[in-house]
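Undergrad: here is my input, please return the structure:
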Amino acid sequence: MSHSLKYDRRGVSADKQDVHNAIANLDKGLHPHAFCKILPDHIGGDEQYCNIMHADTAGTKTAIAYLYWKETGDLGVWKNIVQDALVMNLDDLICVGATTGIVFSSTIGRNKNLITADVLKHLIQGTAELADELKALGVEIHLAGGETADVGDIVRTLDVGFTAFARLKRSDLVVNNITPGLAVVGLASYGQANYEKEYNSGMGSNGLTSARHDVLSKHYLRNYPESFDPNVPEDVLYTGPHKLTDIEEKTGLPVGKLLLSPTRTYAPVVHKILETERSAIKGMIHCSGGGQTKVLKFIEGVRVVKDNMLPVPPLFAMIQKDSGTPWEEMYKVFNMGHRLEIYLEEASANKVIDIAESFGIQAQIIGRTEKADRSEVAISSTHGSFQYH
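TA: Residues are numbered from 1 along each chain as shown. Got it, this is the predicted structure:
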């Protein structure tokens, strides 16, 4: 069975082509190549300002958190889920230069018969704790409450999302202008930043449907039917060899902990970078949906050559081994080791790398941009060379 067919049968898509087709003819805002849609200042009516709004969720990572909670009783996983949902918004916004003063509103939909009041408490209190932690790092966010709904008829277990809003001076925007002749700095998604409490596997919040079913065993099919869509064929459900409590050899951590590593935010790092290097930065890409091919949506007539990639973290190597997914596909689904790319003048690359490493995050020049007849990403790694258009 081809891996694209397996994704389709699970009801997921690595490239969200249906969504992109649906929005193809919609207004793209003031700057079509900006990472987030930039709107005129509808709030203040000031032409020197703009408005940015964004929404995202933790996706199906909540299904793994549910399994881990049920098997271990560990309620702490739910704060991580809050971080996943919030950071998927925050780290898109930082790619246009909004790193502080952002307003967040949450949306939680739960199946009350399965998700207890204790879980809700950890989600809501965890949001407040995360806001305090970010503020201490120079990233001030404001919580505007939100909606918590008992919707068991439409949500199998739990859905956690946020909507974010920022008002920004247009002069402070970072608008992607990715041209030939730039260096590409990649910031690691794995390891332990000095503002993180433990090792981060680099998982983020993309590709979790594939990771969950390719890595975890039929134990979860038999014992937790509420954790998957009953319309999905059984032969593509929980096809892996592991339980959540199995220990991954290279890290010495449980498989469940690796899958549930909270999505790292780069906001403190980017906030610091923009203080001194804003003028040198020509674009930032959050390698979320689409993985290492994400940049294709923001370039024209440019080839992005990535030939000095960071090492593939143990979790992604495990997913590839358990699933048999071709490496070419892995780079489209997962971030594979770096989740933030900064496109900039090469003279400023070492300054950006130094700032990232001051936060305990490995960074390096992972590639460059070249002139091309069409938009292209070319990846060369120890696992092969791949071309994406």
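Undergrad: just give the closest residue to Gly337, not the sequence neighbours.
TA: When the adjacent residues along the chain are set aside, Gly337 lies closest to Leu310, with 4.2 Å between them (Cβ to Cβ, 6 or more residues apart in numbering). C-betas here are computed from N, CA, C, even on glycine.
Undergrad: does the one you found really touch Ile366, like I thought?
TA: Yes: taking Cβ atoms under 8 Å as the definition, Leu310 is a contact partner of Ile366 at 6.6 Å.
Undergrad: what touches both of the two?
TA: Residues touching both Leu310 and Ile366 comprise 186, 338, with contact defined as Cβ atoms under 8 Å, 6 or more residues apart in numbering.
Undergrad: give me phi/psi at Val103?
TA: Geometry field for Val103 lists phi and psi as phi -100, psi 130, criterion degrees, to the nearest 10.
Undergrad: so, low pLDDT: which residues of the stretch 1-150 of the chain?
TA: 1-5, 7, 13-20, 23-25 (pLDDT under 70).
Undergrad: could you pull out the helices for it?
TA: Here the stretch 1-150 of the chain has its helices, by DSSP state H, counting those that start in this stretch, at 3-9, 17-22, 61-72, 77-93, 117-136.
Undergrad: pick the most buried one from the ones you listed.
TA: Looking across the helices of the stretch 1-150 of the chain with neighbours counted as mean count of other Cβ atoms under 10 Å, the highest average goes to helix 77-93: a mean of 25.
Undergrad: tell me the secondary structure at Tyr343.
TA: strand (DSSP: H, G, I helix; E, B strand; the rest coil).
Undergrad: leaving out the residues flanking it, which one is nearest to it?
TA: Here the nearest residue to Tyr343 in space, its sequence neighbours aside, is Gly283; by Cβ to Cβ, 6+ apart that works out to 3.9 Å.
Undergrad: before we move on, the earlier item: and for the residue nearest to Gly337, the neighbour number?
TA: Summarising burial for Leu310: neighbours were counted as other Cβ atoms under 10 Å, giving 21.
Undergrad: report the contact partners of it.
TA: 186, 188, 337-338, 362, 364, 366.
Undergrad: can you do 10 Å?
TA: Applying Cβ atoms under 10 Å, 6 or more residues apart in numbering to Leu310 gives the contacts 186-191, 202, 335-338, 362-364, 366, 381.
Undergrad: look up the closest residue to Lys135, ignoring the ones flanking it.
TA: Ile141 (7.3 Å).
Undergrad: so that neighbour touches Ser106, yeah?
TA: No: checked against Cβ atoms under 10 Å, the pair Ile141 and Ser106 is beyond contact range at 11.8 Å.
Undergrad: now for these two: what residues contact both?
TA: 86, 127, 162.
Undergrad: any idea how far His338 is from Tyr190?
TA: Plainly put, His338 is 9 Å away from Tyr190 if you go by Cβ to Cβ, to the nearest Å.
Undergrad: which neighbours do these two have in common?
TA: Here His338 and Tyr190 have 202, 310, 313, 361-362 as joint contacts, going by Cβ under 10 Å, 6+ apart.
Undergrad: can you pull out the helices in the stretch 201-350 of the chain?
TA: 208-215, 219-223, 255-259, 267-277, 314-323, 327-333, 349-358.
Undergrad: which elements pack onto the longest one?
TA: Which is helix 267-277. Applying 3 or more Cβ pairs under 10 Å, 6 or more residues apart in numbering; DSSP states H and E, one finds that helix 267-277 makes contact with helix 77-93, helix 117-136, strand 183-188, strand 281-286, strand 338-344, helix 349-358.
Undergrad: could I get those as TSV with distance to Gly240?
TA: Formatted as TSV, the entries for the helices and strands packed on helix 267-277 read as follows, by distance: least, Cβ to Cβ, whole Å:
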stretch	distance to Gly240
helix 77-93	19
helix 117-136	26
strand 183-188	25
strand 281-286	28
strand 338-344	23
helix 349-358	33
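Undergrad: out of these, nearest to Glu329?
TA: Proximity to Glu329, assessed across the helices and strands packed on helix 267-277 by Cβ to Cβ, is greatest for strand 338-344 (17.8 Å).
Undergrad: which helices and strands sit right next to that closest one?
TA: helix 77-93, strand 183-188, helix 267-277, strand 281-286, strand 302-306, helix 349-358, strand 363-371.
Undergrad: output that strand as PDB - backbone C-alpha positions only.
TA: These are the backbone C-alpha positions of strand 338-344, laid out as PDB (Å, rounded to 0.1, in the frame of the first residue of the first chain):
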ATOM      1  CA  HIS A 338      14.200  22.000  12.700                       C
ATOM      2  CA  ARG A 339      10.900  23.700  12.900                       C
ATOM      3  CA  LEU A 340      11.900  27.300  12.300                       C
ATOM      4  CA  GLU A 341      13.800  28.600   9.200                       C
ATOM      5  CA  ILE A 342      15.200  32.100   9.000                       C
ATOM      6  CA  TYR A 343      16.100  33.400   5.600                       C
ATOM      7  CA  LEU A 344      18.600  36.200   5.800                       C
END
